[in-house]
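Undergrad: Sequence first, then the predicted structure, then my questions.
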Amino acid sequence: MISPIEIKVDLDGDVAAALTRLGCTGRPAIDRRIWFAETHPVDPGTTPTLLSSRIVIRLRSGENDDLTVKLRPCLPAQLVGRWTAPRADDALRYRIEEDWNAERRVLSASAISERPAGSLRAATMLGTDVTTVLDPAQRQFLVSCTPPGVAVDRLLVMGPIASTKWTKVRVGDLEVDAERWRIADLDLLELSLRVTPERGESHAEVRDRALDRQRRFETAVRHHGLRVATGETKTKQALTALTARSVRR
């Protein structure tokens with residue numbers, strides 16, 4: 001199996017100015033609210049437990065809601081049984097892909113369940129333990145594919161993050177997605193595009209095409225006068241901020 005590759009570029013500096021340069025200001029966008037789940041309590045100054053165990057549980061609410069359980073980074077050997085190949089049915093979408101961000105190149109696996117609009121926002125307002133709203137297949141995914149000793153129960157919801165997403169943004173000769181996350185004093189902007197294997201391509205050919213696309217992507221970003229960030233990923237920065245806020249409370 002040859003996995004798709006998602007290439008991401010995080011930006012540094014003034015986000016509003018970057019969005020103007022990219023032509024996003026005034027364009028239609030997708031607005032959502034995002035929460036992450038973590039074990040409770042979270043000790044100050046430590047990496048959140050699930051994140052340190054390479055597990056991300058994300059709730060998103062907007063025009064449509066979804067709940068994602070993601071292993072990132074993961075090893076192919078972790079993905080066993082029904083979880084060795086992507087699939088989709090009425091209850092669940094399961095995908096395996098590579099995530100590239102600068103020199104960071106990791107494999108990720110995500111089990112995604114769609115929910116009625118507003119249902120996950122309601123669950124967070126009620127203070128529900130997130131483990132109770134996981135789809136049964138997502139529970140099975142965690143049990144089958146996570147390392148032993150990681151307790152995924154009594155999860156605290158942290159958020160919300162205000163998310164705004166623009167699609168088909170022109171950067172040089174490329175079309176990319178742009179997503180802005182805002183939480184407290186944190187303002188993050190990520191650009192991304194996907195490289196999908198074509199019929200008959202080998203794994204090496206897909207990676208060569210992705211490497212070329214990544215170079216063109218980063219060069220085009222810099223030609224827009226934008227700075228490529230070199231720090232932690234958007235998700236880790238957001239979770240760190242949310243953890244600090246939950247501790248202060």
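TA: Arrived safely.
Undergrad: which residues in the chain form strands?
TA: Along the chain, counting by DSSP state E, strands occupy 5-12, 30-39, 55-61, 65-71, 87-88, 93-101, 104-115, 155-171, 174-183, 186-195, 227-228.
Undergrad: Can you point out the buried residues in stretch 202-217?
TA: Going by neighbour count (16 or more other C-beta atoms under 10 Å), the buried part of stretch 202-217 is 206, 207, 209, 210, 213, 214, 216, 217. All C-beta spots, glycine's among them, are computed from the backbone N, C-alpha and C.
Undergrad: any residues touching it, and which ones?
TA: 2, 5, 7, 9, 98, 100, 171-174, 176, 191, 193, 195, 197-198, 201 (C-beta atoms under 8 Å, 6 or more residues apart in numbering).
Undergrad: what about that stretch, average pLDDT?
TA: The pLDDT scores in stretch 202-217 average 97.
Undergrad: Export that stretch to CSV, keeping only CA atoms.
TA: Only the C-alpha atoms of stretch 202-217 are listed here, as CSV (Å, rounded to 0.1, in the frame of the first residue of the first chain):
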residue,chain,number,x,y,z
SER,A,202,6.0,3.2,-7.1
HIS,A,203,6.5,4.4,-3.6
ALA,A,204,9.8,5.9,-4.6
GLU,A,205,8.1,7.8,-7.4
VAL,A,206,5.5,9.2,-5.1
ARG,A,207,8.1,10.4,-2.6
ASP,A,208,10.2,12.0,-5.4
ARG,A,209,7.1,13.8,-6.6
ALA,A,210,6.3,14.9,-3.0
LEU,A,211,9.9,16.1,-2.5
ASP,A,212,9.7,18.2,-5.6
ARG,A,213,6.2,19.6,-4.5
GLN,A,214,7.5,20.4,-1.0
ARG,A,215,10.5,22.4,-2.4
ARG,A,216,8.2,24.3,-4.8
PHE,A,217,5.7,24.9,-2.0
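Undergrad: Please report phi then psi for the residue of the chain most remote from its centre.
TA: Distance from the C-alpha centroid of the chain peaks at residue 200, with 28.9 Å (C-alpha atoms, centre = their mean). With angles defined as degrees, to the nearest 10, residue 200 sits at phi 90, psi -10.
Undergrad: Next, the angle strand 55-61 makes with the helix or strand of the chain with the lowest mean pLDDT.
TA: Ranked by mean pLDDT, DSSP states H and E, the weakest helix or strand in the chain is helix 234-248, scoring a mean of 78. Orientation of helix 234-248 against strand 55-61 (axes from the mean of the first three to the mean of the last three C-alpha atoms, to 10 degrees) gives an angle of 80 degrees.
Undergrad: Pull out the buried residues from helix 234-248.
TA: For helix 234-248, the buried set under the neighbour-count rule, 16+ other C-beta under 10 Å, comprises 234, 235, 237, 238, 239, 241, 242, 243, 246.
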